[in-house]
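Colleague: No letters, just coordinates:
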């Protein structure tokens with residue numbers, strides 16, 4: 001009995017994990033779509049996107065780059081080592 005309950009719990013956890021991953025992917029897709037619409041980028045291929053970036057002026061490109069970095073930057077990347085000082089070799 002215990003083994004089947006354990007399998008059920010793992011199955012539920014797997015389903016929840018997949019649902020969270022799908023939701024996160026959908027949020028990222030929506031965010032990118034909003035940024036593309038804001039800067040009038042209709043092309044979805046990498047080459048079309050690159051062409052549109054080449055047509056932008058530097059100020060607009062820097063603004064878009066900052067927005068993308070802000071939305072997709074890792075929230076916990078370097079916090080762990082920020083207070084630690086490394087010894088020089």
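Modeller: That came in fine, so what should we check first? No experiment lies behind these values; they were computed from the predicted model shown.

Colleague: Name the residue closest to the centre of the protein, please.
Modeller: Residue closest to the average C-alpha location in the chain (CA atoms, centre = their mean): residue 72, at 4.2 Å.

Colleague: so what's that residue up against?
Modeller: Listed by CB atoms under 8 Å, 6 or more residues apart in numbering, the contact set of residue 72 reads 28, 31. For every residue, glycine as well, the C-beta is placed using N, CA and C.

Colleague: For it, what are phi and psi?
Modeller: In this entry, residue 72 is assigned phi and psi values of phi -110, psi 10 (degrees, to the nearest 10).

Colleague: for residue 57, same thing?
Modeller: Dihedral pair for residue 57: phi -80, psi 170, per degrees, to the nearest 10.

Colleague: Check the spacing between it and residue 32 real quick.
Modeller: Distance of residue 57 to residue 32, computed by CB to CB, to the nearest Å: 21 Å.

Colleague: Name the residue in those two with the higher neighbour count.
Modeller: Using other CB atoms under 10 Å, the more surrounded residue of residue 57 and residue 32 is residue 32, with 15 against 8.

Colleague: average pLDDT for the host helix or strand of the more buried one?
Modeller: In this assignment (DSSP states H and E), residue 32 forms part of helix 2-38. Across helix 2-38, pLDDT averages out at 90.

Colleague: For it, which residues meet the burial criterion?
Modeller: Within helix 2-38, the residues that qualify as buried are residue 36, counting by 16 or more other CB atoms under 10 Å.

Colleague: Once you drop chain neighbours, what's closest to residue 44?
Modeller: Leaving aside its chain neighbours, residue 44 sits nearest to residue 36 (8.0 Å; criterion: CB to CB, 6 or more residues apart in numbering).
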